[in-house]
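*Asks:* sequence unknown, structure follows:
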């Protein structure tokens, strides 16, 4: 029986990124190669300033490499204009950050609906998808609570629901447990692992948190812009 080829979620080939600083050049990334497969969690581990966030931004098309190629869902980002990149992020990529970035006056459901509003989705469908995403992260009872009424862990669960609501293939997370206590970090790490594996989402997470590192399928150590052993 012929096997169907598995689509690579994200790939970097020889990616470098240089920045001008004063009279010199900062080499933020130096020849990065990586591949992320469906259902795989890859942790990027390194000190602040090692290049983790720069790499994440390049992989979702918010920045361009100085040299090298980047593919997301096998599309060469260099061939996409800003409108096409924004559409790719809106339709296929979810994002999480150290801060949940919720609108404090909006309910959990309204915060999760934001990507769907940007996509001009029908209100009834928005409501259905937002409530299902909140159910998946265990927040059914908090749907109508506003951002200010949620704990830090609950806010990150809302952020994950918002990242998941449009059924992305690729999620990038930049220090998603950085502001959480150890118990809540373990809960979020377990939830990320379960979600990635069950939904076959490729998850790339930049983290200092050993809990997230342990929950990952693979760990890449970044030092001075290079992946090291």
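*Replies:* Nice, thanks for sending it over. Worth saying up front: this structure is predicted, and the values here are computed from it rather than measured.
*Asks:* the helix or strand containing residue 42 pairs with which strands?
*Replies:* Here residue 42 sits within strand 41-45, counting by DSSP states H and E. When pairs are called by DSSP bridges, strand 41-45 turns out to pair with strand 202-206 (parallel), strand 218-223 (parallel).
*Asks:* most neighbours per residue, which of those?
*Replies:* strand 202-206 (a mean of 27; mean count of other CB atoms under 10 Å). C-beta coordinates here come from the backbone N, C-alpha and C atoms, glycine included.
*Asks:* helix or strand next in line after it, which one?
*Replies:* Note on strand 202-206: by DSSP H and E, the next helix or strand toward the C-terminus is helix 210-215.
*Asks:* can you lay out the strands paired with strand 41-45 as CSV showing mean pLDDT and distance to residue 185?
*Replies:* Listed next are the strands paired with strand 41-45 as CSV, based on pLDDT from 0 to 100; distance: least, CB to CB, whole Å:
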stretch, mean pLDDT, distance to residue 185
strand 202-206, 96, 12
strand 218-223, 95, 16
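*Asks:* would you turn those strands into a markdown table with distance to residue 38?
*Replies:* Putting the strands paired with strand 41-45 into a markdown table (distance: least, CB to CB, whole Å) gives the following:
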| stretch | distance to residue 38 |
| --- | --- |
| strand 202-206 | 6 |
| strand 218-223 | 14 |
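*Asks:* nearest to residue 151, out of those strands?
*Replies:* For residue 151, the closest of the strands paired with strand 41-45 is strand 202-206, at 21.2 Å, according to CB to CB.
*Asks:* quick one: distance of the closest one to the chain centre.
*Replies:* Distance of strand 202-206 from its chain centroid, counting by CA atoms, centre = their mean, to the nearest Å, is 6 Å.
*Asks:* stretch 37-55: end-to-end distance?
*Replies:* 17 Å (CA to CA, to the nearest Å).
*Asks:* any buried residues in that stretch, and which?
*Replies:* Going by neighbour count (16 or more other CB atoms under 10 Å), the buried part of stretch 37-55 is 37-46, 50-55.
*Asks:* wait, which of the residues you listed is closest to residue 207?
*Replies:* Looking across these and measuring by CB to CB, the closest to residue 207 is residue 43, at 5.7 Å.
*Asks:* if I've got this straight, residue 168 is in a helix?
*Replies:* No: assessed with DSSP: H, G, I helix; E, B strand; the rest coil, residue 168 is coil; it does not lie in a helix.
*Asks:* now the residue nearest the centre of the chain. Its backbone dihedrals?
*Replies:* Nearest residue to the geometric centre of the chain (CA atoms, centre = their mean): residue 172, 1.6 Å. Main-chain dihedrals, residue 172, degrees, to the nearest 10: phi -110, psi 140.
*Asks:* equivalent analysis for residue 104, please.
*Replies:* phi -60, psi -30.
*Asks:* wait, it touches residue 147, no?
*Replies:* Yes: contact between residue 104 and residue 147 holds when scored by CB atoms under 8 Å: they sit 4.1 Å apart.
*Asks:* who has more neighbours, these two?
*Replies:* Neighbour totals were compared for residue 104 and residue 147, and residue 147 leads with 19 against 11 (other CB atoms under 10 Å).
*Asks:* residues contacting the more buried one?
*Replies:* 100, 102-108, 111, 155, 158 (CB atoms under 8 Å, 6 or more residues apart in numbering).
*Asks:* from residue 156, how far off is it?
*Replies:* In this view, residue 147 and residue 156 are 12 Å apart by CB to CB, to the nearest Å.
*Asks:* residue 54 too?
*Replies:* Using CB to CB, residue 54 is found at 23 Å from residue 156.
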